[in-house]
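Novice: Model the following, please.
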Amino acid sequence: MSSLLSIRFTNNTLFGELPPNFCNHLSNLESLFLKNNMFHGKIPSTLSNCKRLRNISLSLDDFSGTIPKEIGNVTKLIRLYLRGNQLQGEIPEELGNLAELEMLWLQNNFLTRAIPSSIFNLSSLSNLDLSVNNLTGGIIPSLLGNQSSLQTLYLSYNQLSGPIPSFILCKFSLLDNIRF
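Specialist: Numbers count the residues shown, from 1 in each chain. Predicted structure coming up:
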């Protein structure tokens, strides 16, 4: 199994927990798609042992607990889809280590606290969806002004407050979609 590059088991009725040793024999795995099944339990922190992962899609399952901060060690990651689960707690600051990340979908969970500023330092990030959570704090961190590649930004249905910074309307006139 060490030569396996992609696992795609989407849109089934597979269930159970992901074993903690999931990546032990998958050293070349680049894509993990388990979307729209009935998987539950915590997302194993040992997913970070799959160092070549470029795509992780664990959306529309029943994962609970927190987003493991160790995912921030999967530095080749381009797409991270964790939407539509039962995830809670804060968004790990360590996601800011994912320098190649282009798409981050964390919508429809129970995530809390402020959006970590490290996410807005990701120069490749083009699509960010944090809608339908319980995020709090000022509407948008000022560090968003550093973001140049962002095309889609969804923050609706949270507990964000405060004014919309004026640079949003000026700097991001090229945004394809923005929803607060």
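Novice: can we go C-alpha only for contacts and neighbour counts from here?
Specialist: Will do.
Novice: any weak-confidence spans in the protein?
Specialist: With pLDDT under 70 as the threshold, the chain has low-confidence stretches at 139-148, 165-180.
Novice: cutoff 90 now
Specialist: Scanning the chain for pLDDT under 90 picks out 1-2, 22, 24-25, 27, 117, 120-121, 137-151, 153, 160-180.
Novice: where along it do the helices fall?
Specialist: Ranges of helices in the chain, per DSSP state H, are 166-171.
Novice: Spell out for me which residue occupies the centre of it.
Specialist: Leu104 (4.0 Å; Cα atoms, centre = their mean).
Novice: got a list of what the closest residue to Leu26 other than its chain neighbours touches?
Specialist: In space, and not counting its chain neighbours, Leu26 is closest to Ser2: 4.7 Å by Cα to Cα, 6 or more residues apart in numbering. By Cα atoms under 8 Å, 6 or more residues apart in numbering, Ser2 lies in contact with 25-29.
Novice: Nearest to Phe110 among those residues?
Specialist: Leu29 (28.9 Å; Cα to Cα).
Novice: List the contacts of that closest one.
Specialist: By Cα under 8 Å, 6+ apart, Leu29 lies in contact with 2-7, 50, 52-53.
Novice: One more: Lys42?
Specialist: Each residue near Lys42 by Cα under 8 Å, 6+ apart is listed here: 17-18, 63-66.
Novice: Narrow these to those that are buried.
Specialist: With burial judged by 16 or more other Cα atoms under 10 Å, the buried subset of those is 63-64, 66.
Novice: Closest one to Gln86 out of those, please.
Specialist: For those, the closest approach to Gln86 (Cα to Cα) belongs to Ser64, at 4.6 Å.
Novice: Surely that closest one is in contact with Leu87?
Specialist: Yes: counting by Cα atoms under 8 Å, Leu87 is a contact partner of Ser64 at 4.6 Å.
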